[in-house]
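Colleague: Need coordinates for the following:
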Amino acid sequence: MKRVFLNYLVIAALSVVAALMSCSNEKIQLPESTTYSDGRTERYEYDNENRIAKILYCDKSGTMTYSYAITYSGDNFIKSVLTTGFDSAFVATVEYSKSGNKITVTIKSNNRDSIDTAIVDLDNDGFPTKYEAITDVVSSVGVYEIHSGNLTKHSYKVVRVGAMTLEGSDDCKYDNKKSPFFQCKTPKWWWILSDKCMSTQNNVIERSKNSGEKIEYKYEFDNAGYPTKCTAKYNNGESVNEFKYKRLNAST
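Modeller: I've put the predicted structure just below:
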């Protein structure tokens, strides 16, 4: 009986060691770049917490056209995003501050005298549910619907002084596979507000607009389950995005 018990302890200890080794060997996979059909690329740089620190937008010749530089606070909240044109002729800063379940977004740029401000409501999981921005020339209101971490509907209304009112909505369906930024630690609310991608959880497979336009997306995946290629089929054509990744050791 004593030997059986000792054998059990040895097996349990080996299981713990195996689990620790598995954890230390786990890989984090993050996108290095997205390449579009017309040759344009987006390149991504990360900080030591696997959050996006910079996005570089380049034309088909590889020349940077503009970039995003993201700064964070100690509680993993985005403080600001600096957008710079390749010749520094355009500079804009988006600043974020949070109070309770509301985020205030302030936008400043060197080619405009006004400062735009928006208020964003968050749900208990930290996802945006509504935003409202009012200036002296335009008001904008939007509503987000989130299901299982995915943005399934975005409804909006824009009223501009001296111009027609713009109303619309996007409806999206998703697969159950990992999106390219599945392991990226940049707060998910930012992806939705910046319209960088529809989700950091799964992949959009269908997007419908109230204008009648419908886009279908088909993916190819690597052995780790991440998309390497996305073909988008529109009413009048198609485009292809390709993703390249880098793999890092996960921290334990």
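Colleague: Next one: residue 89 relative to residue 66, how far apart?
Modeller: Summarising the geometry, the distance separating residue 89 from residue 66, computed by CB to CB, to the nearest Å, is 10 Å. In this view, the C-beta of every residue, glycine as well, is placed from N, C-alpha and C.
Colleague: quick one: which of those two has more around it?
Modeller: Higher neighbour count among residue 89 and residue 66: residue 66, with 16 against 9, using other CB atoms under 10 Å.
Colleague: before we move on, which element is the more buried one in?
Modeller: Assigning secondary structure by DSSP states H and E places residue 66 in strand 64-72.
Colleague: In terms of secondary structure, what does that strand contact?
Modeller: Packed against strand 64-72, as judged by 3 or more CB pairs under 8 Å, 6 or more residues apart in numbering; DSSP states H and E, are the following elements: strand 52-58, strand 78-85.
Colleague: any idea how far residue 119 is from residue 128?
Modeller: Counting by CB to CB, the gap between residue 128 and residue 119 amounts to 11 Å.
Colleague: partner strands of the strand holding residue 66, parallel or antiparallel?
Modeller: Sheet pairing for strand 64-72, assigned by DSSP bridges, gives strand 52-58 (antiparallel), strand 78-85 (antiparallel).
Colleague: I'd like those as JSON lines, with distance to residue 133 appended.
Modeller: Below are these laid out as JSON lines (distance: least, CB to CB, whole Å):
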{"stretch": "strand 52-58", "distance to residue 133": "23"}
{"stretch": "strand 78-85", "distance to residue 133": "16"}
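Colleague: between those strands, which gets nearest to residue 178?
Modeller: When the strands paired with strand 64-72 are compared for distance to residue 178 using CB to CB, the nearest one is strand 52-58, at 16.8 Å.
Colleague: What average pLDDT does the closest one get?
Modeller: Summarised as a single mean, pLDDT over strand 52-58 is 95.
Colleague: And for stretch 223-230?
Modeller: 96.
Colleague: hmm, who's touching it?
Modeller: Outside of stretch 223-230, the residues within contact range by CB atoms under 8 Å, 6 or more residues apart in numbering are 27, 29, 177-180, 182, 203, 217-222, 240-245.
Colleague: Keep only those of those residues that are in helices.
Modeller: Among these, no member is found in helices (DSSP state H).
Colleague: Name the residue closest to the centre of this structure, please.
Modeller: The geometric centre of the chain, computed from its C-alpha atoms, lies nearest to residue 191 (CA atoms, centre = their mean), at 3.3 Å.
Colleague: Give me the secondary structure label for that one.
Modeller: Look at residue 191: counting by DSSP: H, G, I helix; E, B strand; the rest coil, its state is helix.
Colleague: burial count for residue 103?
Modeller: Residue 103 sits with 22 neighbouring residues when counted by other CB under 10 Å.
Colleague: meant to ask about residue 186
Modeller: Using other CB under 10 Å, residue 186 has 23 neighbouring residues.
Colleague: show me the residues around it that make contact.
Modeller: Residues in contact with residue 186, defined by CB under 8 Å, 6+ apart, are 51-52, 70, 78, 200.
Colleague: Surely residue 79 and residue 93 touch.
Modeller: No. In this structure, residue 79 sits apart from residue 93 without contact. The criterion is CB atoms under 8 Å, and the distance is 10.3 Å.
Colleague: Including mean neighbour count, could the helices and strands packed on strand 64-72 go into a markdown table?
Modeller: Rendered in a markdown table, the data for the helices and strands packed on strand 64-72 read as follows (neighbours: other CB atoms under 10 Å):
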| stretch | mean neighbour count |
| --- | --- |
| strand 52-58 | 18 |
| strand 78-85 | 17 |
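Colleague: Tell me where this protein is predicted with low confidence.
Modeller: 1-26, 88, 113-114, 196-197, 249-252 (pLDDT under 70).
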